[in-house]
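A.B. asks: sharing a model that was predicted from the sequence below.
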Amino acid sequence: MRKEIIQAAYEEFSEKGYSASLSDIVEVLGLKKQSLYNYFDSKEELFVKMIELKIKAHYNEQLLYLDSCKKLPKIEQLEKIFMFYIASFENPQKLKFWKRLLVIENTTLLKRTKEAIKINEAPFSKRLREILLEILEERPDLKKHHNSIIISYGSLIYGLLDGYLLYDDEENFEQYIKDVWNFFYQGLQSYLKSDITAKLEEGK
């Protein structure tokens, strides 16, 4: 029953954010509101547990996929995890859930959410950095720019997640995702093949 309550809280939060009430949650389960307190002391405790579990599950899934790609060339690993990360949000409910996380009205819950994301994202980001640094081995002078490249990589992902909300019903959206990756890949190749370090320095 505890798992069912957490799942119901997830579904309600995805649709309504923190304004989802305990009454909404127990109604889905066919329970009386008072019975929910046998498992959680408050709405805040329920939502904290639910959010932390969903965040942890998400990043564990990404890490497992990274492990499955570790024998591939590094640049191919970057592409594979990019596509996998985007595809993991094809479920509209999951996408709505993640979009609501950083606009939670409850200050304490928002703080706990940000902490959970940072903690669970850290191993995933560390692996991405390691992959990128290996790609940049041939251009040691560009290693100092790896943070900017990682941020660009992440920005592409988060931008495409917004795209899912707006354009996922368009026939060419999958091609749009591939095109975005190709633009990033070509830009990365420019870093590796062109002597642009001086230009980067000039732009600071």
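C.D. replies: Everything's here; your move.
A.B. asks: where does the protein dip in pLDDT?
C.D. replies: Judged by pLDDT under 70, the chain has its weakly predicted residues at 138-144, 168-171, 191-204.
A.B. asks: residues in contact with the helix or strand encompassing residue 99?
C.D. replies: Per DSSP states H and E, residue 99 falls inside helix 92-101. The contact list for helix 92-101, computed with Cβ atoms under 8 Å, 6 or more residues apart in numbering, reads 10-11, 13-15, 17-18, 51, 54-55, 88-89, 113, 117, 161, 164-165, 168. From N, CA and C alone the C-beta is placed, and that goes for glycine too.
A.B. asks: check the offset of it from the chain's centre.
C.D. replies: Centroid separation for helix 92-101 versus its chain: 10 Å, with Cα atoms, centre = their mean, to the nearest Å.
A.B. asks: okay, helices next: where are they in the protein?
C.D. replies: For the chain, the helices defined by DSSP state H cover 2-16, 22-29, 33-36, 43-68, 74-87, 92-101, 107-135, 146-167, 173-193, 197-202.
A.B. asks: give the buried residues for the first one.
C.D. replies: Looking back up the chat, that one is helix 2-16. 5, 6, 7, 8, 9, 10, 11, 12, 13, 14 (16 or more other Cβ atoms under 10 Å).
A.B. asks: will you turn the residues you listed into a markdown table that also has distance to residue 26?
C.D. replies: Shown next, in a markdown table, are these (distance: Cβ to Cβ, whole Å):
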| residue | distance to residue 26 |
| --- | --- |
| 5 | 8 |
| 6 | 13 |
| 7 | 13 |
| 8 | 8 |
| 9 | 10 |
| 10 | 14 |
| 11 | 13 |
| 12 | 10 |
| 13 | 14 |
| 14 | 17 |
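A.B. asks: and of the residues you listed, the nearest to residue 172?
C.D. replies: Nearest to residue 172 out of these is residue 14 (Cβ to Cβ; 26.9 Å).
A.B. asks: test my guess that residue 59 contacts residue 119.
C.D. replies: No. Using Cβ atoms under 8 Å, residue 59 makes no contact with residue 119, being 9.0 Å away.
A.B. asks: flag every buried residue along stretch 114-122.
C.D. replies: In stretch 114-122, counting by 16+ other Cβ under 10 Å, buried: 116, 117, 120, 121.
A.B. asks: sort out which one of these lies nearest residue 47 for me.
C.D. replies: Out of the buried residues of stretch 114-122, the member with the shortest distance to residue 47 (by Cβ to Cβ) is residue 116, at 11.6 Å.
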